[in-house]
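J.: The following block contains a protein sequence and its predicted model.
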Amino acid sequence: MSGLTSRLPRWRGRRSAAEPATGPAAPGPARDPRGPRTVLDEFGAASGPGGASGFLLRSSADRRTSVRELARSLRVERERPVVIVDVTPDAAGNLGEELGGLLARLRDEHRSAARLVMSGAAARKPDGQLPLAQRLADAWDFEIEAPDAAAVLVPGGGLYVTEPASPAGGWWRFAPGAEPVALGARIPAPRWQRALARVPLGELGDHTVRQIPAGLLLHPTGAAAPRPGDLAFALAVHPDRLTVLVNGADSRNDLAEDLATLLARLPAELRDRVRLAPGAGHDLLPVAQRVADLLGTEVEVCTGLPLSVPNPSGGTHQEQVRLVSAEGESTWPALLAAVSCAPAETGAEAETAAPRPVQWLLPDAVAGPDSEPAVGRLPGGSYVVAVRAGLWVGATPDPPAAVRDRPAEARAVRIEVADTDGDGQARGALLKALAALLPELDAQVREHAEIASPAGAGAETVDALRRFAVRNALMFAAPPTRSAAAAAAAATPAPVPAASIPAAPAPPTSAAVPRTATPPPAQATAQAATQAAGPAPAPASRPATSSGHTGPPSSPAPKAGPLPQAPEPRTAPQAASAPSTPASPTNPNPAPAPASAPAPRAPEPPVRVAAAPSRPPTAPAPAPTGLSSGADRAAFRELAASVWEEHTGPVNRALVQLPALRGPKEEQARIDLVAVHLYLTAAPDGRFGALALASDAASGGGGLAPYAACLASGLRRLPALRGTLLRAVPGPGIADDAVPGTVLRCDAPLDVVHLEQKGAPAPPDGHVRYVIRPVTARRTSVLAAPGDSGATALFAAGTEFSVLARHEASEEGPARVLLAEIPGGTRQFRAPSDEAVARLDEAARRDGGATAARWPGRCTGHFPCPT
């Protein structure tokens, strides 16, 4: 929204009502000789005298403004019409006249008030001048509501002020000759808004508390503040329920402690209206249970994110809890949308009660008025139960604990059928009832549905379920094989080599089974593995890792987590003369392949790993991932003393442009961001470049360790970036070790280009395109060097990527490698869907055209970074 309060030389406008506008101004024969002007559009249902209830003042040059489309979802009332101002400076010459005429018209139509969506219209001027909204209210004897800062549209048709001037501020009501009244940050105001203004914000333990449209956000301290367009702004604003979005899965200390403290801080009238929502695809139920135990009260937690979706019956939007992947993609509506965790009873033999269903989604045909919570009856008397992972079908309404407690996956809706102990007739009855239920399910539930075999199911049951999946267009998840279970039981501290990727739809051989939809040979992708049913499923091991070293094999430093992991074998380069030994997912000591075996070149080759060393090799120094310490910052200032002044100016300007970068401790942020600016302006082979950082980490010298710590800390302060990222690697061929399933690790920050950014450069010819689906990439445009296109981004040192597919150069496109970033701290990587990989490949084959900018040299080089 525009905030052009200084461009209103004639804001008093005409003193008589304007002629009613009938729509966008008719275009002239060519171009208006007067230049762009402010024109009036109308929207909103006309009801009774006075016509429309929504008005948009825009530039005549912006005929397809996106604000016009967004405005149609606003909630509007005839007695309180909405006036949106979205005018560029070159068209603001007649803005005052148009706005004044519109207000006069509304007054003459006996409207009671107007809501002026114009950023900063309620803010008092530094020179003491009254806010624009107050002057308009006094001049037209008309009540005006306006924001004191930037206002954004939120899902469901509400309006939210992102950074209010005061805790109770945001929107204000101005009446003629009266003092302004604070209305809060949200319009329309939910019932919990006034109480929320009393909640302290800022640091809380290892986390930071911020306001978002739906309520509160708790995320690790140092993480970038959410911005419009981020997932935190997509949550539905419930009129009665305060949502606390929790993004703290990677924090160092106990997340439950900080979350319990936050809930205890809430006013009493808010505490009973709180619900927790998981961010970044994490399972929040264990944390919610711990919080319930700490507080001694029930805690409600959503299975996914409450989002605002169109109402299929028309009218306004409705709220729906949906599963969202780590990449931010909404997949399917949760069937068990929310549960309530009760505190554990005291006593030595007391057991924690199972979470109580609070909200669920079952078809009306099976959900009777007298049915138990989240339970429906199927034809024939069997039951269907909504569980967090999907559905359970059985002869009783009580699913096994392993089924009930299994967390949901954004990848698939898991449908499990009770084990009938080989009774074919009973199994047939359950499957017949399930077949009748499937057409009644939501379309997106059916699209993502997979049927899973019970743990320990016999071959006859597996065959029947597999045929059922094919006949009913479902995916199929088989139980773990006996050999896989034996391998998991005999696991040692050294990890089992990574499982091979099957080249054809053969029976699965690992403890986790990929989706049945096998990708075409041209797109050999590493499929996401799902945990098989069972009381204690063993996590699948991660793919083999290649860190780009030219010396002996080494394993990446272990990431922060509950337990340190033993070094993992890395993928060895393949050669026709001496192929490496194929890995077996079920045998930790595979037999060597014949020496004459050719290197695999067929689509979907098996992942090859080096033999496990007799003793762990020396790992490179772990890359810093947390916030810098005082000692780090002091040592970095001394290290960069000779060039310090060159970088403080650009950093200070960035802090003015984006106040969110400052965080609670501005001086610490400034030093960290100086490290980022120093890296972005340094030559890759210079003293502070990527090669120097990689060499210092590999040698363990530590001379640049303070710089690396501040650089990693500074990157955490920058906004995250979604989209498609690319690094150009000198060709002509693809490296032998870049095979599907391999994990590549960069030992220094990795520079890439954001392909969707306007003005992004075109990849150079003759280079291999390494195209990445990111999770933690950081946007660097605010600190970019002069002349930078603004399309570059940066990954922190230590980031790991899984190879999804490789394609040699052909008539269909250039040589390219498709990768997905592996989120830090994950033990089991979930590969993107086939559709996501196809979109990634399409982006990799596109060229920027003849007008594209020149490719930056720092985004060219080996992948991963050489040491």
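T.: Alright, I've got the coordinates. Worth saying up front: this structure is predicted, and the values here are computed from it rather than measured.

J.: which residue is nearest the centroid of the chain?
T.: residue 328 (3.4 Å; CA atoms, centre = their mean).

J.: list the contacts for it?
T.: Going by CB atoms under 8 Å, 6 or more residues apart in numbering, residue 328 touches 231, 722. C-beta here means a position set from N, CA and C on the backbone, and glycine is covered the same way.

J.: Just the pLDDT at it, thanks.
T.: You'll see residue 328 listed with a pLDDT of 76.

J.: likewise residue 124?
T.: 85.

J.: just residue 730 next, same as before
T.: 87.

J.: can you check residue 620 too?
T.: pLDDT, read off for residue 620, is 49.

J.: picking that back up, wait, is the residue nearest to the centre of the chain part of a helix?
T.: No: Residue 328 sits outside any helix when classified using DSSP: H, G, I helix; E, B strand; the rest coil, being coil.

J.: Can you pull the phi/psi pair for it?
T.: phi 90, psi 10 (degrees, to the nearest 10).

J.: Could you measure from it over to residue 230?
T.: Distance, residue 328 to residue 230, by CB to CB, to the nearest Å: 9 Å.

J.: for residue 278, same thing?
T.: 15 Å.

J.: Please say which of those two ends up with more neighbours.
T.: Counted by other CB atoms under 10 Å, residue 278 and residue 230 do not tie: residue 278 has more neighbours, with 24 against 16.

J.: Surely residue 678 touches residue 645?
T.: No: under the criterion of CB atoms under 8 Å, residue 678 makes no contact with residue 645, lying 11.7 Å away.

J.: When those two are compared, which one has more neighbours?
T.: Between residue 678 and residue 645, counted using other CB under 10 Å, residue 678 has the larger neighbour count: 26 against 8.

J.: In a helix, that one, correct?
T.: Yes: per three-state DSSP, residue 678 lies within a helix segment.

J.: In contact with it, which residues?
T.: Contact partners of residue 678, counting by CB under 8 Å, 6+ apart, are 640, 643, 647, 688, 707, 711.

J.: What's the per-residue pLDDT of it here?
T.: 92.

J.: what do you get for residue 193?
T.: 92.

J.: Please apply the same query to residue 209.
T.: 94.

J.: what's the answer for the one 4 residues further on, then?
T.: Predicted confidence (pLDDT) at residue 213: the value is 95.

J.: Next, give phi and psi for it.
T.: The phi and psi values for residue 213, taken as degrees, to the nearest 10, are phi -50, psi -40.

J.: so what's it up against?
T.: 154, 158, 160, 186, 233, 235, 237.

J.: Now tell me which helix or strand of the protein has the poorest mean pLDDT.
T.: Across the helices and strands of the chain, mean pLDDT, DSSP states H and E gives its lowest value to strand 530-531, namely a mean of 32.

J.: Was I right to think residue 260 contacts residue 295?
T.: Yes: between residue 260 and residue 295 there is a contact under CB under 8 Å: 5.6 Å.

J.: Looking at the two, which has the bigger crowd around it?
T.: residue 260 (19 against 16).

J.: For the more buried one, which non-adjacent residue is spatially closest?
T.: Nearest non-adjacent residue to residue 260, counting by CB to CB, 6 or more residues apart in numbering: residue 294, 4.2 Å away.

J.: tell me the average confidence for the helix or strand encompassing that neighbour?
T.: Taking DSSP states H and E as the criterion, residue 294 maps to helix 285-295. Helix 285-295 carries an average pLDDT of 92.

J.: can you check stretch 458-476 too?
T.: pLDDT averaged over stretch 458-476 gives 91.

J.: Just give me how far that stretch sits from the chain centre.
T.: Stretch 458-476 sits 33 Å away from the centroid of its parent chain (CA atoms, centre = their mean, to the nearest Å).

J.: buried ones in that stretch?
T.: Within stretch 458-476, the residues scored as buried using 16 or more other CB atoms under 10 Å are 461-462, 464-466, 468-469, 474-476.

J.: Present these as a markdown table; the columns should include distance to residue 311 and secondary structure.
T.: Formatted as a markdown table, the buried residues of stretch 458-476 follow (distance: CB to CB, whole Å; DSSP: H, G, I helix; E, B strand; the rest coil):
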| residue | distance to residue 311 | secondary structure |
| --- | --- | --- |
| 461 | 41 | helix |
| 462 | 41 | helix |
| 464 | 39 | helix |
| 465 | 36 | helix |
| 466 | 38 | helix |
| 468 | 33 | helix |
| 469 | 32 | helix |
| 474 | 28 | coil |
| 475 | 29 | strand |
| 476 | 34 | strand |
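
J.: Could you find which two of those are furthest from each other?
T.: 461 and 475 (17.2 Å; CB to CB).

J.: So residue 674 is in contact with residue 643, correct?
T.: No: look at residue 674 against residue 643 with CB under 8 Å: they stay out of range, at 9.5 Å.

J.: which residues of the stretch 601-750 of the chain score low on pLDDT?
T.: Counting by pLDDT under 70, the stretch 601-750 of the chain has low-confidence residues at 601-626, 657, 659-660.

J.: can you map out the helices along the stretch 1-150 of the chain?
T.: 66-71, 95-108, 132-140 (DSSP state H, counting those that start in this stretch).

J.: For residue 395, find the nearest of these.
T.: That would be helix 66-71 among the helices of the stretch 1-150 of the chain, by CB to CB, at 50.5 Å.

J.: thought residue 321 was touching residue 337?
T.: Yes: in this structure, residue 321 is within contact of residue 337 by CB under 8 Å, at 3.7 Å.

J.: joint contacts of these two?
T.: Once CB under 8 Å, 6+ apart is applied, the residues that residue 321 and residue 337 both contact turn out to be 302-304, 359.
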